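Chemist: The following comprises the amino acid sequence and a computationally predicted model.
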Amino acid sequence: EICPNGKDWYASIVYGGKPMTCLELDSVLLRNGVFRNSPECDQATQEYSSTCCYTPPTKPCDLCHFGLKSYSVAANSVLYNGAESDCYSIHNHLSTRVEAEQDVCIVAQNELFDKCCYDKCSLCQNYQLNSGAVVMTDIGQQMGCSEIENNFIGLNQITQGSKQCSFLQQQHFDDCCYDVPCDICETGETSYELLVQSSVMYQGRNRTCGEVAVLARDVLSQSEVCTTTKNDVFGSCCYKQCNLCGDPGWAIDWNRKLNYDNLASTCLEVFMNLRSERVQDGDDKCRSVQYTVSHECCYKLPTNQCSLCQASNGTFLNTNWNSEVTYQDKTMTCGDVNAMLSSEELDGELCLGARGKFWNQCCTPQEGGKINLPILPSGVSDKDGSSSWPDYGDMGFGNFIKRNGALSTSLCVSAALTVIGTVALFMI
């Protein structure tokens with residue numbers, strides 16, 4: 001890996017007398033058996049790191065961040081720094097190279113926000129999206145609610161409050177959206193920890209926060225009663241759990257072994273100890289523990305997380321989770337391999353090698369395995385640009401059809417990134 005941090009995949013270099021991108025260089029080195037810590041890798045790093053590598057910002061610039069909200073990026077062409085460019089390219093450049101506080105970021109936000117950013121329509125707004133539901137469109141075609149929310153709305157850049165947005169919300173709200181019981185420690189998209197035994201005055205009586213939480217679940221999250229209850233008790237009943245990794249862009253290596261308080265332990269055990277003691281984020285003890293163990297327990301989340309069964313065009317296949325393979329001289333399941341690779345970049349050396357090796361054993365098409373697996377050429381960019389979108393018109397939904405129990409289209413975008421289930425241990 002010639003770039004330990006950020007890599008400019010599409011920067012041009014010459015290797016072995018042939019022009020190629022840094023992404024293609026990674027693939028060539030892998031095919032030639034050039035691995036980390038080898039003399040060939042050291043030489044390639046010395047020659048190409050200045051062109052291919054960069055240091056990612058600590059707090060990345062978000063072109064479409066305004067106030068307390070981040071907006072969606074529009075697929076528009078604009079004039080930037082005296083040259084014609086597109087909003088996506090500018091957004092990607094700023095988010096990978098520029099700090100949020102830099103003048104370059106602030107100037108770009110001020111100059112390009114109106115042209116590059118929009119308030120994307122939300123099918124369910126503050127309610128929950130039923131991702132598994134399938135609905136009938138106004139032209140008699142079937143479409144998944146998640147397909148409407150995640151693909152159709154974005155592709156057509158439908159804005160919140162527009163006629164198209166209101167039409168979709170009115171037509172599909174009942175089938176696609178639902179409410180959940182009130183959670184007094186949830187605010188926005190963040191759920192805080194409940195101080196179960198703490199006391200608070202509620203409905204004229206002194207109760208524990210645990211009792212209030214149980215009573216609140218009798219009403220729904222979007223009701224006025226829930227909103228009022230949260231406003232009254234949140235400050236007394238809820239707190240933010242101390243995280244071993246202070247930076248939200250970093251994740252915890254739960255099974256990593258370390259010495260803590262002169263005892264053999266793991267990062268998971270240290271975290272659970274903080275949880276049992278109800279150590280809050282920002283406390284002196286929290287900062288002390290973070291300083292002590294973060295360099296051992298924390299790793300930077302990849303920009304594009306490796307997924308064993310993600311095709312080179314960006315779509316996902318079904319993973320044969322329980323199929324056994326041999327990886328790193330050990331017998332394990334495809335699910336285990338996928339979990340091990342979750343900290344790697346999608347186009348990194350380890351990910352490409354594993355995808356190429358286990359593609360036929362671990363991955364099957366989403367339509368039942370009756371078609372050939374797509375070819376996974378080594379080092380091909382996910383941004384190959386070869387696909388084209390159908391013309392949906394003003395209100396049409398395109399040629400989406402439901403076939404053999406799976407949503408299929410000329411735009412075959414489905415599935416979501418695999419979320420590694422280890423953290424679910426803490427929610428039990």
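Modeler: Received, thanks.
Chemist: Ranking helices and strands of this structure by mean pLDDT, which lands last?
Modeler: Least confident element among the helices and strands of the chain, by mean pLDDT, DSSP states H and E: strand 401-403 (a mean of 27).
Chemist: Sketch out the low-pLDDT regions of this structure for me.
Modeler: Along the chain, segments meeting pLDDT under 70 span 312-314, 366-428.
Chemist: so where do the helices sit in it?
Modeler: For the chain, the helices defined by DSSP state H occupy 22-31, 39-52, 87-97, 103-116, 145-147, 153-155, 163-176, 209-216, 224-237, 267-276, 284-297, 334-340, 349-362.
Chemist: Of all those, which one is nearest residue 186?
Modeler: Checking the helices of the chain against residue 186 by C-beta to C-beta gives helix 224-237 as the closest, at 7.9 Å. Quick note: C-beta positions are derived from backbone N, CA and C, even for glycine.
Chemist: buried residues in that closest one?
Modeler: Residues 226, 229-230, 232-234, 237 are the ones in helix 224-237 that count as buried (16 or more other C-beta atoms under 10 Å).
Chemist: and the angle for that helix with helix 209-216?
Modeler: 170 degrees (axes from the mean of the first three to the mean of the last three C-alpha atoms, to 10 degrees).
Chemist: Tell me the helices and strands packed up against helix 224-237.
Modeler: Applying 3 or more C-beta pairs under 8 Å, 6 or more residues apart in numbering; DSSP states H and E, one finds that helix 224-237 contacts strand 186-187, strand 199-202, helix 209-216.
Chemist: Give the burial count for residue 75, as a bare number.
Modeler: Other residues lying near residue 75 total 11 when counted by other C-beta atoms under 10 Å.
Chemist: oh, I was asking about residue 172
Modeler: Residue 172 has 22 neighbours, counted by other C-beta under 10 Å.
Chemist: which among the buried residues of helix 224-237 gets closest to residue 106?
Modeler: Of all the buried residues of helix 224-237, residue 106 sits closest to residue 234, with 32.7 Å by C-beta to C-beta.
Chemist: Contacts only, for that closest one.
Modeler: Residue 234 makes contact with 184-185, 187, 192 under the criterion C-beta atoms under 8 Å, 6 or more residues apart in numbering.
Chemist: Separate out the buried members of the residues you listed.
Modeler: 184-185, 192.
Chemist: And those, which is closest to residue 221?
Modeler: Of all the buried ones among the contacts of residue 234, residue 221 sits closest to residue 184, with 10.0 Å by C-beta to C-beta.
Chemist: Go ahead and confirm that closest one touches residue 232.
Modeler: No. With contact defined as C-beta atoms under 8 Å, residue 184 does not reach residue 232; the gap is 9.0 Å.
Chemist: so what's residue 12 up against?
Modeler: Residue 12 makes contact with 19-21, 51 under the criterion C-beta under 8 Å, 6+ apart.
Chemist: ok, back up a step: dump the helices of the chain into CSV; add distance to residue 318 as well.
Modeler: Output for those, formatted as CSV (distance: least, C-beta to C-beta, whole Å):
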stretch, distance to residue 318
helix 22-31, 25
helix 39-52, 34
helix 87-97, 29
helix 103-116, 36
helix 145-147, 16
helix 153-155, 24
helix 163-176, 24
helix 209-216, 38
helix 224-237, 38
helix 267-276, 29
helix 284-297, 32
helix 334-340, 10
helix 349-362, 9
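Chemist: quick one, which of those helices is nearest to residue 4?
Modeler: helix 39-52 (9.2 Å).
Chemist: List the contacts of that closest one.
Modeler: With C-beta under 8 Å, 6+ apart, helix 39-52 has contacts from 1-3, 7-8, 11-13, 15, 22, 25, 29, 32, 34-35.
Chemist: try 7 Å this time
Modeler: 2-3, 7-8, 11, 13, 22, 25, 29, 34-35 (C-beta atoms under 7 Å, 6 or more residues apart in numbering).
Chemist: what's the answer for stretch 208-217, then?
Modeler: With C-beta under 7 Å, 6+ apart as the test, stretch 208-217 has contacts from 181-182, 184, 194-200, 202, 226, 229, 233, 236-237.
Chemist: what's the distance between it and the middle of its chain?
Modeler: Its chain's C-alpha centre and that of stretch 208-217 lie 32 Å apart, by C-alpha atoms, centre = their mean, to the nearest Å.
Chemist: So which bits of it are buried?
Modeler: Neighbour-count burial for stretch 208-217, counted by 16+ other C-beta under 10 Å, picks out 208-209, 212-213, 215-216.
Chemist: Distance to residue 293 for the buried residues of helix 224-237 - can I get that in a markdown table?
Modeler: What follows is these, written out as a markdown table (distance: C-beta to C-beta, whole Å):
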| residue | distance to residue 293 |
| --- | --- |
| 226 | 37 |
| 229 | 37 |
| 230 | 33 |
| 232 | 37 |
| 233 | 33 |
| 234 | 30 |
| 237 | 29 |
